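In: I would like the atomic coordinates for the input below:
(one chain, ligands or ions: 1)
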Amino acid sequence: MAVRTVLRLGDPRLRQRAQVVADVRDPALRQLIVDLEDTMAACSGAGLAAPQIGVPLRVVLFGGGGPNPRYPDAPAIPRTLLINPVLTPLGPEREEAWEGCLSVPGLRGRVPRWLRLRYQGIDGEGQPVDRSVEGFHARVVQHECDHLDGLLFPDRLSDPTAFGFIPELEAAGLIPAVPA
Ligand code: NI
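Out: Just a heads-up that it's a prediction; the model follows:
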């Protein structure tokens, strides 16, 4: 068990471009995967990217948490470890929704994302991953893969005023209150 510290906005390591993984059998990569799993479980995140725990490699982990309360009708996202991802938008449509990030704790902002998306890469065993997804699943993948290019969701706000602290946004009726 190795729960790592999640870096927060302002740490320059979140702004680096992460490097391509050359060898999925590298023992350091095996340890990174365990650490991502342990840290994401400890933080109850929807996803986590290696740069968020200070490792500049193109590795993201997401899904596996069951249906999302914000998209109750959307299929649950399977737990996915994705290495060297390549994203291809499917069509011109975008969708706006509120996002948060473990590296931007306590805040939410409205972010436009591609509605439909194909993502490709390899999993932790070196097997190919190739999926076409939409909605919340597509959003999570775009958010996590942005971390690999040093981007965080506040960089992509559609409107700089559509951003704030969770209790204030809930009080203003801008985001649904989360049941205690
Ligand atoms: Ni994030």
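In: so where is this structure shaky, pLDDT-wise?
Out: Within the chain, the ranges that satisfy pLDDT under 70 run 1, 66-74, 178-180.
In: Helices of that one, residue ranges please.
Out: For the chain, applying DSSP state H gives helices covering 27-43, 135-147, 166-171.
In: contacting residues for residue 108?
Out: 98, 99, 100, 163, 164, 166, 169, 175 (C-beta atoms under 8 Å, 6 or more residues apart in numbering). Glycine gets a C-beta too; all of them are placed from N, C-alpha and C.
In: Specify the beta-bridge partners of it.
Out: residue 164 (DSSP bridges).
In: I'd like to know how far it sits from residue 16.
Out: According to C-beta to C-beta, to the nearest Å, residue 108 and residue 16 sit 25 Å apart.
In: how far away is residue 93 from residue 134?
Out: The spacing between residue 93 and residue 134, counted by C-beta to C-beta, is 9 Å.
In: Residue 83: how many residues sit nearby?
Out: Residue 83: 21 surrounding residues under other C-beta atoms under 10 Å.
In: do residue 137 as well
Out: 24.
In: How about it: what's its closest non-neighbour residue?
Out: Leaving aside its chain neighbours, residue 137 sits nearest to residue 77 (4.9 Å; criterion: C-beta to C-beta, 6 or more residues apart in numbering).
In: ok, now which ones touch that neighbour?
Out: Counting by C-beta under 8 Å, 6+ apart, residue 77 touches 46, 62, 63, 64, 65, 68, 136, 137, 140.
In: Residue 9: which of these is nearest?
Out: Distance to residue 9, by C-beta to C-beta, is smallest for residue 46 among the contacts of residue 77, at 17.3 Å.
In: Now that closest one: closest residue in space that isn't a chain neighbour?
Out: Using C-beta to C-beta, 6+ apart, the nearest residue to residue 46 is residue 140, at 5.5 Å.
In: Correct me if wrong: that neighbour contacts residue 47.
Out: Yes. Assessed by C-beta atoms under 8 Å, residue 140 is found in contact with residue 47 at 5.2 Å.
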